[in-house]
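Participant: only the shape, not the letters, is given here:
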Ligand code: CDP
């Protein structure tokens with residue numbers, strides 16, 4: 001059931017740690033409702049990529065000019081969201097292990113957060129969006145009509161990441177270590193840490209299929225759309 005033009009177009013905030021299933025679920029929920037899916041992690045990853053390419057030190061003062069100079073855009077195509085940096089499509093490159101290693105350091109910087117949250121608010125202000133990230137329900141859209149916090153056990157999340165990567169020499173233990181390190185950095189930072197908003201609904205996806213978690217969120221969304 002797609003929504004019709006007379007229905008309320010709400011904001012759905014989907015937060016949670018790495019591998020909790022946010023992006024796949026958000027994409028499906030958005031598709032079902034005819035909403036736009038916005039992957040805010042891609043924005044933090046793109047700025048990290050730009051900083052690494054230009055060999056900038058990862059500090060507020062060094063990254064501020066980058067944020068002003070770089071044209072950063074999320075483009076919606078029939079094949080999904082593409083991330084454009086300058087004129088280049090960096091959708092693949094922002095998923096590299098190198099970017100993943102440094103993204104939590106870059107995303108902890110207040111200058112970076114301020115610039116990107118502002119853009120995210122602009123992108124979602126008219127509603128009809130499913131936005132996923134770490135601070136959407138707490139900082140970017142604290143007034144979102146529906147806030148979901150997705151969780152899953154560390155081991156389950158690491159298994160999902162390994163499956164996503166396909167061919168890799170990384171062991172399950174090493175993947176658990178990497179994800180745990182990033183979670184701790186994201187949850188421990190001073191500005192906009194990863195945490196559940198007090199009014200977010202927590203869903204543990206450890207034993208749920210993508211279909212199950214998607215339909216739970218869709219049901220919650222429809223309640224609010226029709227309210
Ligand atoms: O897909 P995955 O869960 O690995 O991460 P992501 O959503 O692509 O986000 C990558 C990193 O960006 C996170 O580990 C956070 O450090 C940062 N991030 C953030 O700080 N705030 C957001 N709203 C989204 C991502």
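Facilitator: Sure, I can see it. Because the structure is predicted, anything quoted here is derived from the model rather than measured. Numbering: from 1, shown residues only.
Participant: can we go C-alpha only for contacts and neighbour counts from here?
Facilitator: Fine.
Participant: show me which residues of this protein sit near the ligand.
Facilitator: Contact residues, the chain versus the ligand (C-alpha under 6 Å from any ligand atom): 17-19, 40-42, 44, 103-104, 107, 133-136, 182, 186.
Participant: nearest to residue 91 among those residues?
Facilitator: The closest of the residues of the chain next to the ligand to residue 91 turns out to be residue 42 (C-alpha to C-alpha; 8.0 Å).
Participant: and the helices in the chain?
Facilitator: Assigned by DSSP state H, the chain shows helices spanning 22-33, 40-53, 60-69, 97-107, 110-124, 154-165, 172-188, 210-226.
Participant: in the third one, what's buried?
Facilitator: Residues of helix 60-69 classed as buried: 63, 66-67 (neighbour count, 16 or more other C-alpha atoms under 10 Å).
Participant: so what does it touch, helix or strand wise?
Facilitator: helix 40-53, helix 110-124 (3 or more C-alpha pairs under 8 Å, 6 or more residues apart in numbering; DSSP states H and E).
Participant: one step back: quick one: which of the helices of the chain has the weakest pLDDT on average?
Facilitator: Note on those: lowest mean pLDDT is at helix 60-69, with a mean of 89.
Participant: got a list of contacts for that helix?
Facilitator: 47, 50-51, 56-57, 109-112, 115 (C-alpha atoms under 8 Å, 6 or more residues apart in numbering).
Participant: pick the one among those closest to residue 24.
Facilitator: residue 47 (22.4 Å).
Participant: the spatially most central residue of the chain and residue 20, how far apart?
Facilitator: Nearest to the mean C-alpha position of the chain, by C-alpha atoms, centre = their mean, lies residue 133 at 3.0 Å. In this view, residue 133 and residue 20 are 11 Å apart by C-alpha to C-alpha, to the nearest Å.
Participant: on that earlier part again, relative to residue 171, which of the helices and strands packed on helix 60-69 is closest?
Facilitator: Nearest of these (C-alpha to C-alpha): helix 40-53, 23.8 Å.
Participant: pull out the buried positions in the closest one.
Facilitator: 40-51.
Participant: okay, angle between it and helix 22-33 too, please.
Facilitator: 130 degrees (axes from the mean of the first three to the mean of the last three C-alpha atoms, to 10 degrees).
Participant: now helix 40-53: how far from the chain's centre is it?
Facilitator: 13 Å (C-alpha atoms, centre = their mean, to the nearest Å).
Participant: what's it packed up against?
Facilitator: Under the contact criterion of 3+ C-alpha pairs under 8 Å, 6+ apart, helix 40-53 touches helix 60-69, strand 72-77, strand 80-85, helix 97-107, helix 110-124, strand 129-133.
Participant: let's see it at 6 Å
Facilitator: Judged by 3 or more C-alpha pairs under 6 Å, 6 or more residues apart in numbering; DSSP states H and E, the packing partners of helix 40-53 are helix 97-107.
Participant: now the angle between helix 40-53 and the helix it packs on, please.
Facilitator: Interaxial angle of helix 97-107 relative to helix 40-53 (the same axes, to 10 degrees): 100 degrees.
Participant: contacting residues around helix 97-107?
Facilitator: 45, 48-49 (C-alpha atoms under 6 Å, 6 or more residues apart in numbering).
Participant: right, I'll leave it there.
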